[in-house]
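> Here is the input, now give the coordinates:
(chains A and B)
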Amino acid sequence: EADIYQTPRYLVIGTGKKITLECSQTMGHDKMYWYQQDPGMELHLIHYSYGVNSTEKGDLSSESTVSRIRTEHFPLTLESARPSHTSQYLCASSDLGGANLNTEAFFGQGTRLTVV
Amino acid sequence: AQKVTQAQTEISVVEKEDVTLDCVYETRDTTYYLFWYKQPPSGELVFLIRRNSFDEQNEISGRYSWNFQKSTSSFNFTITASQVVDSAVYFCALSEVNYQGAQKLVFGQGTRLTINP
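Next up, the predicted model:
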């Protein structure tokens, strides 16, 4: 069972507010990711990290920012939330697995964000 | 560019029927990984299988089986004797082999599977 946690699970917030979505994993994984999933179901990578002090932009442009100060923690921040940011945000982590260079990614339960 | 297509947006079957979820992918890479994930109503993504591009063996796990055909760029998923608990959204995904180990997944649109009692 994956040990990756996201808080809050649900968030309704007003336009213009600053928000931080938390993601923590206890598996010691170096690689962490944020995916955005709109109601149409498809997921898109918005940020990822190779390890501490590493952050990279994903395939989908996002106004959010991320930081990676500790291995286990990968928070996502929106400085000024807008209704267009309404979506589900899923955090994931993975490890480098020996001869299998890529192991599977383990996902958190997601944060459903609604900006009103 | 990589792309994954799940042409079936929704499938609805009666319990105990077999059902196949289609997945077609595009990539220029010769080495890559394919995945299936299940997303129940609770929202998390549950890993089901990983297959690398060098391994075209089909795999069976209980009622689940996967058919990987490189010649047609397909990685289809079959559930045998479906159960109500199989109801979920299923995603097929593709990942390049990143030698720094990053698992950057490209997802299909998902197939919403409903199993009716």
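
> Quick check: residues of chain A near chain B?
Within chain A, the positions near chain B by CB under 8 Å from any CB of the partner chain are A:9, A:30-31, A:33, A:35, A:40-45, A:48, A:50, A:56, A:58-59, A:88, A:90, A:92, A:94-96, A:100-110, A:112. Heads up, the C-betas are built off the backbone N, CA and C, glycines and all.

> In ChimeraX, select just the buried ones from the residues you listed.
When burial is assessed using 16 or more other CB atoms under 10 Å in any protein chain shown, the buried subset of the residues of chain A next to chain B is captured in ChimeraX by this command:
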select /A:30,31,33,35,41,42,43,44,45,48,50,58,88,90,92,94,95,96,101,102,103,104,105,106,107,108,109,110,112
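
> So what's the residue count around the residue nearest to residue B:55 when sequence neighbours are not counted?
Leaving aside its chain neighbours, residue B:55 sits nearest to residue B:68 (7.6 Å; criterion: CB to CB, 6 or more residues apart in numbering or on different chains). Residue B:68 has 20 neighbouring residues, counting by other CB atoms under 10 Å in any protein chain shown.

> cool, residue B:93 as well?
Residue B:93: 26 neighbours (other CB under 10 Å).

> Also residue B:28?
8.

> secondary structure class for it?
Following DSSP: H, G, I helix; E, B strand; the rest coil, we place residue B:28 in the coil state.

> From residue B:73, how far off is it?
12 Å (CB to CB, to the nearest Å).

> need the contact list for the closest residue to residue B:10 other than its chain neighbours.
Leaving out its chain neighbours, the residue that sits closest to residue B:10 by CB to CB, 6+ apart is residue B:112, at 4.6 Å. Contacts for residue B:112 (CB atoms under 8 Å, 6 or more residues apart in numbering or on different chains) come out as A:41, B:9-11, B:88-89.

> For residue B:112, list each beta-bridge partner.
residue B:10, residue B:89 (DSSP bridges).

> what residue ranges in chain A score low on pLDDT?
A:1-2, A:40, A:96-102 (pLDDT under 70).

> let's see 90
Within chain A, the ranges that satisfy pLDDT under 90 run A:1-2, A:28, A:30, A:38-42, A:59-61, A:94-105.

> Could you look up the SS state of residue B:85?
Three-state call for residue B:85 (three-state DSSP): helix.
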